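*Asks:* The following comprises the amino acid sequence and a computationally predicted model.
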Amino acid sequence: MAQAMAIDPDRAEAPDTPERAGEARRNGPFLVIANEASGTNARDGDAIRRAMAVLEDAGARLRHWSPGDTDALNAILDEEIADGARTVVAAGGDGTAMALADAMVGRDAAMSVLPLGTFNYFARGLGLSEAPEEAARTLLEAERRPIRVGEVNDQVFLNNASLGIYPSILKEREDVYRRFGRRRLMAHWSVVRTFWRFQRPMHLTLTLADGERKEYRTPLLFVARSAYQLQRFNLAGCDAIQRDHLALLIGRGKSRAALFRLAWRLVTRSMQQGRDYDLVEAESVRVETARRRPLLAFDGEKRRDTSPFDFAMTDQKLTILLPPKDTDASSEPGPESGT
């Protein structure tokens, strides 16, 4: 799995020879897609301008789009890719990256990220710096790699999708962000508030591709496609992702006290398979919930959806950019693309 990489300034500077100029342009022209709000956000706007300056010699255009308007996003991609764009870059966090990936699966152009979000798990899993300007330098010499990504009810996800208490945490997080600002400390506080309000676990029925059925009473179903996230919290499932499958983690906490113990073990990276959660590996699985329209989360976004939920690997592939193999801090990723 590719780890977060340190950029070598000597290698990352804009090309100053014809040979290096040609190498740097191999992934261009670039199209950078940014949230319309980024243009009015001073911090994000400045970061995007610096990254665009890095990509300028390889050919780069900036387009803004309003999240949620999938038709507008697809129209932009159709136009720009037909006009020669070879790489489309999401300027934003995991939610922006997921929205772009949903529109990019099956296209010939590659995709990457300029991280502007709170956690940036997808970018960090690829081995990109969290500094957008440095990430842009890496893209000039990055390598193209086709991968499969996860999907649930035809919605693509790059890192994870979940049912149960985690979507509730995301809902609480939005309220906390509105009151206290978008900071990681506030994200952790939303976990405490959600656990304190916990009522009862879900009743889930999992049906695997071979017809086997499994019943669970659980507060959380976490479907992982990111080996980076699992390794970061010392959780099992990386082997499943290396085999190009999904890793389903089913929490065992059935009370508020048990959830606080799980949270502490997660923070201290001491969770254990079999004690704190069960692990199921699958290329596809159908999940039925007792509740008709539970809250579904995917890469930090959420919506209410109707049971059952069909989790699977995409048939079509997404082409991504990975840091060069000879970069000191990177390593050869598996089929999961290093995320």
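*Replies:* The structure has been received and is ready for your questions. Numbers count the residues shown, from 1 in each chain.

*Asks:* Distance check, the closest residue to Arg144 other than its chain neighbours against Pro29.
*Replies:* In space, and not counting its chain neighbours, Arg144 is closest to Ala110: 5.1 Å by C-beta to C-beta, 6 or more residues apart in numbering. Glycine gets a C-beta too; all of them are placed from N, C-alpha and C. Using C-beta to C-beta, to the nearest Å, we find Ala110 at a distance of 12 Å from Pro29.

*Asks:* Just the pLDDT for the residue lying closest to Gly106 once chain neighbours are set aside.
*Replies:* Counting by C-beta to C-beta, 6+ apart, Gly106 lies nearest to Gln316, which is 3.8 Å off, once chain neighbours are set aside. Predicted confidence (pLDDT) for Gln316: 96.

*Asks:* quick one: secondary structure of Gln316?
*Replies:* Three-state call for Gln316 (DSSP: H, G, I helix; E, B strand; the rest coil): coil.

*Asks:* correct me, but it touches Asp102?
*Replies:* No - contact criterion C-beta atoms under 8 Å: Gln316 and Asp102 do not qualify, at 11.5 Å.

*Asks:* what about those two, which has more around it?
*Replies:* Each of Gln316 and Asp102 has its neighbours counted (other C-beta atoms under 10 Å); Asp102 has more, 22 against 11.

*Asks:* Show me where the stretch 51-200 of the chain has its helices.
*Replies:* Counting by DSSP state H, counting those that start in this stretch, the stretch 51-200 of the chain has helices at residues 70-82, 94-104, 121-126, 132-140, 165-180, 184-196.

*Asks:* what packs against the fourth one?
*Replies:* Okay, so that is helix 132-140. Judged by 3 or more C-beta pairs under 8 Å, 6 or more residues apart in numbering; DSSP states H and E, helix 132-140 is in contact with helix 9-12, helix 42-55, strand 87-92, strand 110-115.

*Asks:* 10 Å instead?
*Replies:* Judged by 3 or more C-beta pairs under 10 Å, 6 or more residues apart in numbering; DSSP states H and E, helix 132-140 is in contact with helix 9-12, helix 18-24, strand 30-35, helix 42-55, strand 87-92, strand 110-115, helix 121-126, strand 318-322.

*Asks:* Now do that helix: distance to the chain's middle.
*Replies:* Here helix 132-140 is found 18 Å from its chain centre; the criterion is C-alpha atoms, centre = their mean, to the nearest Å.

*Asks:* now that helix: mean pLDDT?
*Replies:* pLDDT averaged over helix 132-140 gives 94.

*Asks:* got the angle for that helix vs strand 30-35?
*Replies:* Counting by axes from the mean of the first three to the mean of the last three C-alpha atoms, to 10 degrees, helix 132-140 points 150 degrees away from the direction of strand 30-35.

*Asks:* go on, the first one?
*Replies:* For helix 70-82 against strand 30-35, the angle by the same axes, to 10 degrees is 170 degrees.

*Asks:* Using neighbour counts, pick out the buried residues of helix 70-82.
*Replies:* Across helix 70-82, burial judged by 16 or more other C-beta atoms under 10 Å covers Leu73, Ile76, Leu77, Glu80, Ile81.

*Asks:* In stretch 106-118, which of the residues would be classed as buried?
*Replies:* Arg107, Ala109, Ala110, Met111, Ser112, Val113, Leu114, Pro115, Leu116, Gly117, Thr118.

*Asks:* Show the end-to-end separation of it, please.
*Replies:* 28 Å (C-alpha to C-alpha, to the nearest Å).

*Asks:* How far off centre is that stretch?
*Replies:* With C-alpha atoms, centre = their mean as the basis, stretch 106-118 stands 10 Å off its chain's centre.

*Asks:* just stretch 55-71 next, same as before
*Replies:* 19 Å.

*Asks:* got the CA positions of it in CSV?
*Replies:* Backbone C-alpha positions of stretch 55-71 (Å, rounded to 0.1, in the frame of the first residue of the first chain) are rendered in CSV as follows:
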residue,chain,number,x,y,z
LEU,A,55,0.2,22.3,-13.6
GLU,A,56,0.4,25.2,-16.0
ASP,A,57,3.3,23.9,-18.1
ALA,A,58,1.5,20.6,-18.6
GLY,A,59,-1.7,22.3,-19.7
ALA,A,60,-4.4,22.8,-17.1
ARG,A,61,-7.9,24.3,-17.0
LEU,A,62,-10.1,25.0,-13.9
ARG,A,63,-13.8,24.4,-13.9
HIS,A,64,-16.2,24.9,-11.0
TRP,A,65,-19.3,22.8,-10.3
SER,A,66,-22.0,22.6,-7.7
PRO,A,67,-22.0,19.4,-5.7
GLY,A,68,-25.1,17.3,-6.2
ASP,A,69,-25.5,18.4,-9.8
THR,A,70,-24.4,15.2,-11.5
ASP,A,71,-25.7,16.2,-14.9
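
*Asks:* picking that back up, common neighbours of Ala110 and Pro29, please.
*Replies:* Common neighbours of Ala110 and Pro29, counting by C-beta atoms under 10 Å, 6 or more residues apart in numbering, are Ala85, Arg86, Thr87.

*Asks:* Name the nearest residue to Arg213, ignoring sequence neighbours.
*Replies:* In space, Arg213 is closest to Thr207, 5.2 Å off (C-beta to C-beta, 6+ apart).

*Asks:* which residues does that neighbour contact?
*Replies:* Neighbouring residues of Thr207 by C-beta under 10 Å, 6+ apart: Arg213, Lys214, Ala282, Ser284, Val285, Arg286, Val287, Glu288, Pro308, Asp310.
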